[in-house]
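Enquirer: return atomic coordinates for the entry below.
(chains A and B)
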Amino acid sequence: MHVRGTVAGEVEVRSVSTSYGETDLAEVPLQLTAIEAAAAPDGGPESEPLAAAVEGDSVADSGPNLEPDPEPTTVTLWNKWTESAELLEPGMELLVTNAEQDEYQGETQYKTTGDSYVVVEPSFLVNVTAIRNWVECPRLYYLNKLSGVPLNYPVVKGTIVHEVFGDLLRGRDLEESIDARVDEHGLELGLLGESPDSVAEDVRENAGAIEGWLEQGRLTEEDSWRSEQLLISETFGIRGRADAIRRGAPVELKTGKNLKKEPRFKDKVQAACYALLLEEHGGDVDTGTLLYTKNSALDRNEETGDLTPAKDFSMGDGLLKFVVRLRNEIAAMETSGDIPTGYEGSAKCEYCFEQDTCMVVSGRLDQESKAGQIGQALPDEELEYFERFYRAIEEERREVHREYAKLWEQDAQERADDDRALIDLEFVEKRPLEGGRWELRARREGGATSKLREGDLVLASDGHPVRGQSELARIERLDDEIVLTADEPVEVTRLDVYPSELTTDRLLAALHDALLKGDERRKDILFGRADPEFEEIEETFIDNNARQNEAVTKAVGAKDCALIHGPPGTGKTYTIARAIRAMVERGERVLLSAFTNRAVDNALEALLEQLEGVIDEERIVRVGSESGVRDDMEPYRLERAGDPEDRLAELQNAQVVAATTATCGSRIMKEQSFDAALVDEAAQLTEPGTCAAINLAERFVLVGDHEQLPPVVRAENDLSESLFERLVDLHPEAGVMLDRQYRMNQRIQAFASREFYDGKLRPAEPEVAARTLDDLEGVARADLPEHLQDPVSFVDVEGDGSRYTDSEEAARIAELIEAYEAAGLERSEIGVIAPFRAQVSEISAHVPDDVAVDTVDRFQGSSQEVIVVSFTATGSLEGPIFEDYRRINVALTRPKRALVLVGDSNALATDPVYGRMLEWARR
DNA sequence: CCTCTGCAAAGAGGA
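Expert: Residues are numbered from 1 along each chain as shown, chains lettered A, B, ... in the order given. Reported below is the predicted structural model:
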């Protein structure tokens, strides 16, 4: 049976004498949470019925009304599992598979058997690559995590060879695959100064070894293959992507040379991880294959005379268990928040190629390490800052891990209700694409919503994302019919959100770079040890708005940084664009960044207007993914594929580069440097998030409004306050506040001004205050229903009571849009804002495509003539999304001429701020 | 809950 629970006290490890000699054991007091019958296909003694196992114990799984047993149960871990026992701390989760029940002095206990695995914190999913790094040296694992993998040729080549390998397995022609894959990496190869021909030749050499080996297999037997499978194990808490699986056993590709008889130990460990993953998916794996593609006939194996690049090895029980113990070390360390020192492993520092880096990092961060320290430690306040943010980012990471665990902890219906999955899809067809990939189609029942969006990566499965057949797929189209692309065909009936650690990885790298690579002057400013300095500038940039002009002057003249506070509609975007133009005219290279793609595109749009005729359009580049960048900015988007020299030239020649802060943390952007970085909507960014952009530039300008949306973080911690807000307090002399708004009719701005800006927000001109729909060509307010004629109106809808959607509100909104259209408005002049992604997709299904419907978060930074707000709350205003009033501020300040609030007045009246809003809207 | 993100894995070199 499998036993699971929470460690309830100190763990005792000792030695006892048995008939076999001295043996180690650990007694773990465990507060049981579950006991499951083990799946034993042969009906062996382990497959006792659940009821018998549970009798006398209280088990959370066995009934909702059962009180948890106050007394912990002793679980004894024998032999080498005591190593994992040493890692345990009270509160940690523990899983013991194939345990045996034992009566001792009248008490029920459990113990490990020869078939047992002991898993520490099983819901923490450890990456296979993390285990591979860890076995080399735990400190190396930490260094990799901290700084990310830099752009270098061996890595890029390795990636291409892997892709070609996958293509070969899927039946693609070798030459065609090489050409296509080298082309896809054009930009990276350009940055590395590589030519496509030499890379293709290099890849061809490696691929030749693969092909020859594949041919051998084909001659002798019918091999069953599949490539690149993403595997997740809920039992062992491991996830990874296997290069290939042949007859159920893992094949791992290595682009290096290995002339020894045996595979490298770390490579074996990696293959063993995949074996564990495959075992959980029904396999019975006892061999693995490593394919060293640089081995060739010329490098005859010194011992065996072997000519092939492949090395098979057998995987015993002992190796698999060793791998689980390694995995436990990582899980325990990450749970307790400790930093590896290197003493955990047996690696010899003098042989390590990372020894110098390791010593420098240890020295600067004042960390204990086996390699020792060199250099001067960072000042205490910087060390404290590093530790605080490291912890906060890792806390975010654990939240992502919790999302993974939900893939199996929640059942299908729960996930669908949470909008984390689309279930019960009807599979339509699978169609082979060029290059061996597949297009999959499925149909959803009308009305099913989720937070999935086109362009997202998802787990596409035939029923369960972890237990069933499951593939990582990309959503190409999301209508009633859903179109996906994936490496292998799955008869897809379900889609699940795939959680990603990418953001946390990049935040960590940005933190590392800011403190360990950042220059001293920059850090003096960030830590308040020096005051920002400004160059005297006589020029007038904007002559009808003194504050805007002051802001541009500060931005252009800043030697360190400038801070621009811009409430809604005060011309932030214009001010940024004007400042960038001035910098460009001085010959500087400028980075334009913001948290969301939408904000980047908005700012870029205003900038394009300013730069017209100033520089060549080709010198303005937008970096980002195709699905992220707005269609009308696509012409400026930097394509990654193509000829390396061309791609490189396109990027290097760009005088203005625009990208989200997440993209600024990518390997490609990290190779770039700028004179100045301007970050829009900076109040929405965490400190490390802001650093990802400003790390790339000599000086920076942050523009934002802390009365609007704060950073999005999963856990409450140091990440919730933006660098912008902190610097505004630290260096008030570097800041300017814009105070005149050019957007809203007086009636619309009244509430926000009073509620969020002490009444200080004022219309810039009388015309702004007085603007109404009548000013628009072909629109007559008189043609609207009476209740919509005022610039602010409220439509009371009782709502349908669901959590993240409301079909009644959606239906009313569709009617409202028809009414506005009938009065002469263009659909493109109307925007709809909802708090939840699911409601956004619900509304989208009700209204024409050319009406912009989006979440508050994605609407920040833009405006429309008419805005309709869907509150999506019935009865009460529960949920964190309503608690942050700054979100309301954003929603209510998007319109220029008309605002319609749609919601349940009873729900809104339960909160004082929403109550005042209601009074204002209903006046 | 909201956001972002080509996923994950890619690796010369040695005692």
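Enquirer: next one: the closest residue to A:Met583 other than its chain neighbours from A:Arg647, what distance?
Expert: In this structure, A:Met583 finds its nearest non-sequential neighbour in A:Val590, 5.2 Å apart by CB to CB, 6 or more residues apart in numbering. Backbone N, C-alpha and C define where each C-beta goes, glycine included. The gap separating A:Val590 from A:Arg647 is 20 Å, by CB to CB, to the nearest Å.
Enquirer: what does A:Glu399 give?
Expert: Distance check for A:Glu399 against A:Arg647: by CB to CB, it reads 36 Å.
Enquirer: between those two, which is the more surrounded one?
Expert: A:Arg647 (22 against 14; other CB atoms under 10 Å).
Enquirer: the more buried one reaches A:Glu184, doesn't it?
Expert: No. A:Arg647 is not in contact with A:Glu184 according to CB atoms under 8 Å; the separation is 10.9 Å.
Enquirer: overlap of the contact sets of those two?
Expert: A:640-641 (CB atoms under 8 Å, 6 or more residues apart in numbering).
Enquirer: the longest helix anywhere in chain A and DNA strand B, are they touching?
Expert: Ranked by residue count and defined by DSSP state H, the top helix of chain A is helix A:380-409. No. Helix A:380-409 stays clear of DNA strand B (CB under 7 Å from any atom of the strand), getting no nearer than 8.5 Å.
Enquirer: near DNA strand B, which residues of the stretch 251-400 of chain A show up?
Expert: A:252-257, A:270, A:348, A:351-353.
Enquirer: got a winner among the residues you listed for most neighbours?
Expert: Of all those, the most densely surrounded is A:Gln270 (27 neighbours; neighbours counted as other CB under 10 Å).
Enquirer: so it sits against A:Asn133, correct?
Expert: No. Look at A:Gln270 against A:Asn133 with CB under 8 Å: they stay out of range, at 10.0 Å.
Enquirer: assign the closest residue to A:Ala405 other than its chain neighbours to helix, strand or coil.
Expert: Nearest non-adjacent residue to A:Ala405, counting by CB to CB, 6+ apart: A:Ser123, 3.9 Å away. Assigned with DSSP: H, G, I helix; E, B strand; the rest coil, A:Ser123 falls in the coil class.
Enquirer: where's A:Ser123 relative to A:Thr33, distance?
Expert: Going from A:Ser123 to A:Thr33 by CB to CB gives 12 Å.
Enquirer: what do you get for A:Arg699?
Expert: To A:Thr33, A:Arg699 is 54 Å away according to CB to CB.
Enquirer: next: A:Arg837.
Expert: From A:Arg837 to A:Thr33 the distance is 32 Å (CB to CB).
Enquirer: wasn't A:Lys257 part of a strand?
Expert: No. Looking at A:Lys257 with three-state DSSP, it is coil, so not inside a strand.
Enquirer: ok, and the closest non-adjacent residue to it?
Expert: Distance criterion CB to CB, 6+ apart; nearest residue to A:Lys257, sequence neighbours excluded, is A:Lys294 at 3.8 Å.
Enquirer: just give me the neighbour total for that neighbour.
Expert: Residues near A:Lys294, counting by other CB under 10 Å, number 16.
Enquirer: before we move on, the earlier item: count of neighbours near the residue nearest to A:Met583?
Expert: As a burial measure, the neighbour count of A:Val590 was computed by other CB under 10 Å and equals 24.
Enquirer: dihedrals phi and psi, it?
Expert: Backbone torsions of A:Val590, given as degrees, to the nearest 10, read phi -130, psi 140.
Enquirer: how distant is the longest strand seen in chain A from the center of its chain?
Expert: Longest strand in chain A, counting residues (DSSP state E): strand A:21-36. Distance, stretch centre to chain centre, for strand A:21-36: 36 Å (CA atoms, centre = their mean, to the nearest Å).
Enquirer: what does stretch A:629-640 give?
Expert: 22 Å.
Enquirer: got the buried residues for it?
Expert: For stretch A:629-640, burial by neighbour count (16 or more other CB atoms under 10 Å) applies to A:629-630, A:633, A:636-638, A:640.
Enquirer: and those residues, which two are furthest apart?
Expert: Using CB to CB, the two most remote members of the buried residues of stretch A:629-640 are A:Arg630 and A:Arg640, lying 18.2 Å apart.
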